[in-house]
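J.: 3D model of this:
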Amino acid sequence: MRAADLTAPPHHEVAGRSAAPRSRAELTGPARLASFFAPRSVAVVGASDTSAWARFVAASARAVAFAGPLIPVHPLHKTVFGITPARSLRELTEPADLAFILVPQSAVEDVLDEAAWAGIHGAIVLASEYREAGPAGQAHQERLAARAAAHGITLLGPNCLGFVNMHAAVAPFALTVPPQLQAGPVGIALQSGALASAVLGFARSRAIGVSTLVTLGNEAMITASDVLEYLVADERTEVIALFLEQIGDAVSFARAAMKADRLGKPIVALKAGSSPAGQRAALSHTGALAGDDAVVNAALRQLNVIRVTSIEELLTTAALLGYCGRPRGRRMGALTASGGACDLIADRASAVGIEIPPFAEATKASIAPHLPPGLEVPNPLDVTGHFLADRRDDPLTPIDHALDAAVADPGLDFVLFCGVTLPEARPPSEAIAYLAEERVTWIGERIASAPIPVIPVSTVCVDLTEYQRGLLTRRGVHPLGGIDLGVRALGHALDWAEGRGKASAWAGRRTEAPSMWHRRSLGHIDATSMRPDESSCWSENEARELLAGFGVPVVPAELVDSPDAAAHAAARIGFPVALKVCSSQIPHKSDIGAVALGLGTAEEVKASCAQILAAGERAAAGHVEGVLVAPMRGAAGIELLAGVKADPVFGLVLAVGLGGIWAEVLGDVSLRVLPVDHEEVGRMLGELRGLPLLRGARGRTPADLEAVADVIMRLCAAARHLGPALGAVEVNPLWVNGDHIEALDASIVTEGNIR
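T.: Below is the predicted model:
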């Protein structure tokens, strides 16, 4: 590391003015970020030998063998990093490519002004007390981003620990970069700075090579979506690993993820945290079923983004996709030296939908001579450890000969190879070391030449030693960390391969006002008059009217206001009938005893109507429109739930599942972020555990699934036309009996006081 020559005259003609203001898109696009993440010189502003942050930055530069100058800047200290620091950025004889700003929040904006004067176009801000500190901090952050943009400076942070670019050998990073971290195919973006060291530590321990790792901080300018786009465009990144606490701009994220899918660049995401679904969950089943985390799961699945649940699973899956061949089918051959390992593999494979077919006869015949006499050749195969007792002159062992045969098996799509075993250190015996190293060389060559992917995996996930990492990496062998993680990673890889090309983005949050049809027919005012702090439940009669207007078939019903009127309506409709209160104040009618079913006589109708009206008056304090009288539908049908809720991040979310009173208890639901087409709704129905019932199990009439999908599409159209007012639209139950489909109960929740 060296400082710039501080004796040279200043070059104000070149650097003494701000860059022209740039748009955010110019400052954070992939081309600009490619330059930002590969600086040739870094100024560390506020650096001192007593600053732990500065010492981390210096140590990180050494760890990656950064060749450019790391220039300390401090107005008071005489030496920093063993050299004389510049007193300010204005004293630099040449503009640095990047400024890592370590000063307190109160001084950050002045340093940005100096950076602009010095011709510096990139900055990382470590300081906190911005967005996370409340409204005042948010205002500081917005001013910081605006100032950077006005100067044409690309800004990472604030509250940010920096990044590591292994291929460019640069690491302006205020945490530890583990020694001997390898450059490789895995790009990483983290919405948590402190986790970065753990991620890098695990990557080093399993010889997983990193292209660029970015900690995002508060994302005042550079966002997770921006870094995702950069990694998608980066030729050295073959797979992308994300740690996400939130998805701020869902539309931009989806756009970048769609590009990744088109290019065949997998994204693996660890999304942490989920929050209560809030008030809407209390007003509709859909809100509860489509809770925040469930929506994230559905959204990522639609984008063909692999979701995992741990750092180890995140990096193991990324390593498989970055290093190993990508299987094109689910038929697996498995080779081990342990019967117990065979059992574990079979169990884990079954859990993720991997098939383990018998080996072909020719494969068995090729393997058998290398096994103890009389041993069968099943799949998974335990070659046993008998060879360990014999002195070896040949580098290859029985499991290696089994691999050589298995990769030619026409009934397999890939081979799981649990045969990579090495001593922790180079054996003192040259003969033994030679055998071990020649064997790894052969394994690497066989993996490279095999007609189907070979997935090497260790039995358990333990750290690789320096000797093991070096030997394996040089020969192109990258064993996954343990059977459990390895097989789970394989399941993810297969799901990703099967989903490639089918990814679909979403429309995002709706901002237009409710449709003219809605305002004209129901008299609701437009979105400019809505109060965002309230949720309002419609009466069922209003909900039925809206849905019917969009072609959703609703069960015939009459609204009455007295027991006598109810009896007359029942006579016209035909017994038996169902009665339920109609009130915008009572979203869950059965909870207060305001529903009566299977009423077969006028006397039963009158008595039940009186009870329902009384219960409704008690619950709604006079806000009761009356009682709905509807025909009963037979037990032969199937009850579904279909609903759309407004998610604050992703927009409109469709839920389809088994319905009735068991909707939340059973939780048999499929989710999608809108828009969806008719075919996608059909796939949602096909995902339900209750699909056999819809197909006619136990003597039921098979449901017309095409017609069901059509009704659900009409429901989606009704929901979209509520615009930003939509909280949730739900039909539960949606009764299906063959091609006879009716909404038996409907509810609508809108946001804002629009009644």
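J.: partner strands of the longest strand seen in the chain, with direction?
T.: In the chain, assigned by DSSP state E, the strand with the most residues is strand 726-737. In the sheet containing strand 726-737, the strands it pairs with under DSSP bridges are strand 638-647 (antiparallel), strand 740-743 (antiparallel), strand 746-751 (antiparallel).
J.: got these as CSV, with distance to Glu558 and mean neighbour count columns?
T.: No exception for glycine: its C-beta is placed from N, CA and C like everyone else's. Below are the strands paired with strand 726-737 laid out as CSV (distance: least, C-beta to C-beta, whole Å; neighbours: other C-beta atoms under 10 Å):
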stretch, distance to Glu558, mean neighbour count
strand 638-647, 22, 26
strand 740-743, 15, 20
strand 746-751, 15, 26
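J.: out of those strands, flag the one nearest Ser583.
T.: In terms of C-beta to C-beta, the element of the strands paired with strand 726-737 nearest to Ser583 is strand 746-751, at 11.4 Å.
J.: now the closest one, how far from the chain's geometric center?
T.: Strand 746-751 has its C-alpha centroid displaced from the chain centroid by 29 Å (C-alpha atoms, centre = their mean, to the nearest Å).
J.: also stretch 238-246?
T.: 8 Å.
J.: what's the answer for stretch 672-689, then?
T.: The chain centroid and the centroid of stretch 672-689 are separated by 19 Å, computed with C-alpha atoms, centre = their mean.
J.: can you get me the start-to-end distance on it?
T.: From the first residue to the last, stretch 672-689 extends over 17 Å; the measure is C-alpha to C-alpha, to the nearest Å.
J.: what of stretch 576-587?
T.: Across its full length, stretch 576-587 reaches 24 Å between end residues, using C-alpha to C-alpha.
J.: tell me which helix or strand the closest residue in space to Gly551 that isn't next to it in sequence sits in.
T.: Nearest residue to Gly551 in three dimensions, chain neighbours excluded: Arg714, at 4.6 Å (C-beta to C-beta, 6 or more residues apart in numbering). Assessed by DSSP states H and E, Arg714 sits inside helix 705-720.
J.: one more: Ile612?
T.: Per DSSP H and E, Ile612 falls inside helix 602-620.
J.: ok, then the element right after that helix?
T.: Heading towards the C-terminus - elements assigned by DSSP H and E - helix 602-620 is followed by strand 626-631.
J.: show me what that next one is packed against.
T.: strand 558-560, helix 563-573, strand 577-582, helix 602-620 (3 or more C-beta pairs under 8 Å, 6 or more residues apart in numbering; DSSP states H and E).
J.: what is the orientation angle of the longest one with helix 563-573?
T.: The directions of helix 602-620 and helix 563-573 differ by 120 degrees, with axes from the mean of the first three to the mean of the last three C-alpha atoms, to 10 degrees as the criterion.
J.: quick one on the thing from earlier: next up, the contacts around the residue nearest to Gly551.
T.: Arg714 is in contact with 547, 550-552, counting by C-beta atoms under 8 Å, 6 or more residues apart in numbering.
J.: which of those count as buried?
T.: Buried residues within the contacts of Arg714, defined by neighbour count using 16 or more other C-beta atoms under 10 Å: 547, 550, 552.
J.: host element of the first one?
T.: Assigning secondary structure by DSSP H and E places Leu547 in helix 540-549.
J.: which ones are touching Arg572?
T.: Applying C-beta under 8 Å, 6+ apart as the definition, the contact partners of Arg572 turn out to be Glu558.
J.: what are the boundaries of the helices in the stretch 251-400 of the chain?
T.: With helices called from DSSP state H, counting those that start in this stretch, the stretch 251-400 of the chain shows them at 279-283, 285-289, 292-302, 311-323, 339-351, 361-367, 398-406.
J.: let me have the ones you listed in JSON lines, extended by mean pLDDT.
T.: Below are those laid out as JSON lines (pLDDT from 0 to 100):
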{"stretch": "helix 279-283", "mean pLDDT": "38"}
{"stretch": "helix 285-289", "mean pLDDT": "47"}
{"stretch": "helix 292-302", "mean pLDDT": "91"}
{"stretch": "helix 311-323", "mean pLDDT": "98"}
{"stretch": "helix 339-351", "mean pLDDT": "96"}
{"stretch": "helix 361-367", "mean pLDDT": "97"}
{"stretch": "helix 398-406", "mean pLDDT": "97"}
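J.: quick one: which of the ones you listed is nearest Ser48?
T.: Counting by C-beta to C-beta, and looking across all of these, nearest comes helix 311-323 at 32.7 Å.
J.: with just CA atoms, put that closest one into PDB.
T.: These are the backbone C-alpha positions of helix 311-323, laid out as PDB (Å, rounded to 0.1, in the frame of the first residue of the first chain):
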ATOM      1  CA  ILE A 311     -26.300 -19.500   5.400                       C
ATOM      2  CA  GLU A 312     -24.900 -23.000   5.000                       C
ATOM      3  CA  GLU A 313     -27.700 -24.000   2.700                       C
ATOM      4  CA  LEU A 314     -27.300 -20.700   0.800                       C
ATOM      5  CA  LEU A 315     -23.700 -21.200   0.000                       C
ATOM      6  CA  THR A 316     -23.800 -24.900  -0.500                       C
ATOM      7  CA  THR A 317     -26.600 -24.500  -3.100                       C
ATOM      8  CA  ALA A 318     -24.700 -21.700  -4.700                       C
ATOM      9  CA  ALA A 319     -21.500 -23.800  -4.800                       C
ATOM     10  CA  LEU A 320     -23.400 -26.700  -6.500                       C
ATOM     11  CA  LEU A 321     -24.800 -24.400  -9.200                       C
ATOM     12  CA  GLY A 322     -21.500 -22.500  -9.600                       C
ATOM     13  CA  TYR A 323     -19.100 -25.500  -9.800                       C
END
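J.: now for that helix, which elements pack on it?
T.: Taking 3+ C-beta pairs under 8 Å, 6+ apart as contact, the helices and strands that helix 311-323 lies on are strand 183-190, helix 195-205, strand 239-244, strand 267-271, strand 306-308, helix 483-499.
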